[in-house]
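S.K.: got a predicted structure here, sequence first:
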Amino acid sequence: DTATTYIYTLPLHDALPISDSIVIKDLDNVVLSWNPAAERVYGWSEAEAIGRNMTLLARPASTGAQVAARIARLRQGLPGAWQALSFRRDGTPVHLDVTVAPLHDEGGRHIGEISIARDVTERERAAEALRATEARNRELALIVDQSRDAIVTKDLDNRIVTWNRGAEQLLGWTADEVRGRNFTALVAPTADGARIARTTERIRARQSGTWEAIRTTRSGGSVHVEVSVSPLYDEDGQHLGEVSVNRDITQRVLAEESLREHRLFLAQAQAMGGIGSWSAAIGSGDLTWSDETLRIFGLTHETFDGRTETFWRHVHPEDSDRVRTAVDGAIASGTSYMHEFRIVRPDGSERWVYEQATVVRDRAGQAVRAIGVTQDVTERRADHERIRFLATRDPLTDLPNRLLLQDRIEQGMAAAARNGTLLAIL
């Protein structure tokens, strides 16, 4: 239960497009969380993977001793990084760069492990193809040429040696046009001599790496790519240069920019409508407020600590019990709730707010999160009170009018009838 609660308080790792597999496991190496990239890397859906041993998912032929050894290492709580050969659900192999880190709860107790795996299959295949014999090179060159990624091999001076069809489609130049040209000068025409020299130094130092970059195309346009580079050797182990795999991520980058714009539009809409949003993790006490919610409560990002205790400190003491009863009842029953209550801002001013929320449950039926909106209704309530006042008072003198007198007489007569008493009007 502690691990499950902690997981639901983690950032939503599938809220944005992520290319790396992220898997969270308990101390028995049993899968607790499985992001969309893990489905692509391993071929197992989230529903199929949750609750199963990770070693047997990635390497079904593992022996009992191998499974036990992996659990023993996991329980040591050691971070690590390595390359691994795993197998997808359909039996095809997948090369992975794996990074693991121990997972602790808020009290520091070791409760499992986070595993991040990057699919580097294409990179390994390209490197293997270029290390093979001439006949093998011709066979594997066809596979490389058909790859949708731009795969480029370069010599020790960063001059282009091979340029696959994916590179032609992505960047626009043919292989004959670019062979022998400096790769950095070609795809980054504004690069100065120092940058070109640094790239050559990296190749000669036999460095590997992965990063994102912007490439200039033959037409003068730009494409966003994820770059993976590895040193290139011949079959005798002699260092020849570097293989560079460039994957087009332009659509992903545009989607991320669109998401940032959407968040900005949402913040602006909330500010115009005076409605803020929030999310609270049940159990951990973590609380997230939008900019408008912070404004309603008179706080800023710097003064808000992200804890539910802060919310309760700002609820008016006379309304606190009523609000807690409503919240606890919704959590227990799994229903939505809505109510109006007063808050006290840090400057001592009081405001009326309307709050509506929905309780989210996990697969076991446990309440894990509450998501809701808050609106400042102080002015609206003041307007309603003024309307009711004017309905029963003289607009010039503020004295009770005939309508209020009639209402009080009717109330008095009803009370006299219930109690069997007399009513006197003075």
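M.R.: Nice, thanks for sending it over.
S.K.: off-centre distance for stretch 94-110?
M.R.: 17 Å (CA atoms, centre = their mean, to the nearest Å).
S.K.: now it: mean pLDDT?
M.R.: The average of the pLDDT scores along stretch 94-110 is 94.
S.K.: need the residues that contact that stretch.
M.R.: Contact with stretch 94-110 is made by 2-3, 6, 21, 24, 27, 41-42, 74-75, 77-88, 111-121, 123-124, 284, as judged by CB atoms under 8 Å, 6 or more residues apart in numbering. To be clear about C-beta, it is placed using only N, CA and C from the backbone, and glycine gets the same treatment.
S.K.: now that stretch: buried residues?
M.R.: 94, 95, 96, 97, 98, 100, 102, 103 (16 or more other CB atoms under 10 Å).
S.K.: for stretch 56-70, same thing?
M.R.: 57, 58, 59, 62, 67, 70.
S.K.: for these, which one is nearest residue 410?
M.R.: Among the buried residues of stretch 56-70, residue 57 lies closest to residue 410 (CB to CB), at 74.8 Å.
S.K.: separation between the closest one and residue 40?
M.R.: Using CB to CB, to the nearest Å, residue 57 is found at 14 Å from residue 40.
S.K.: with residue 218 instead?
M.R.: 31 Å.
S.K.: for residue 225, same thing?
M.R.: On the measure of CB to CB, residue 225 and residue 40 end up 19 Å apart.
S.K.: quick one: which of those two has more around it?
M.R.: residue 225 (24 against 13; other CB atoms under 10 Å).
S.K.: quick check, the more buried one in contact with residue 216.
M.R.: No. Residue 225 lies out of contact with residue 216 (CB atoms under 8 Å); the separation is 11.0 Å.
S.K.: re earlier: closest to residue 315 out of the buried residues of stretch 56-70?
M.R.: Distances from residue 315 to the buried residues of stretch 56-70, taken by CB to CB, are shortest for residue 57, at 46.6 Å.
S.K.: hang on, that closest one packs against residue 39?
M.R.: No. Assessed by CB under 8 Å, residue 57 is found out of contact with residue 39, at 11.5 Å.
S.K.: list residues touching both of these two?
M.R.: Between them, residue 57 and residue 39 share the contacting residues residue 49, judged by CB under 8 Å, 6+ apart.
S.K.: on that earlier part again, among the buried residues of stretch 56-70, which ones are in strands?
M.R.: In strands, judged by DSSP state E, none of these are found.
S.K.: of those residues, closest to residue 357?
M.R.: Among the buried residues of stretch 56-70, and counting by CB to CB, the member closest to residue 357 is residue 57, at 36.9 Å.
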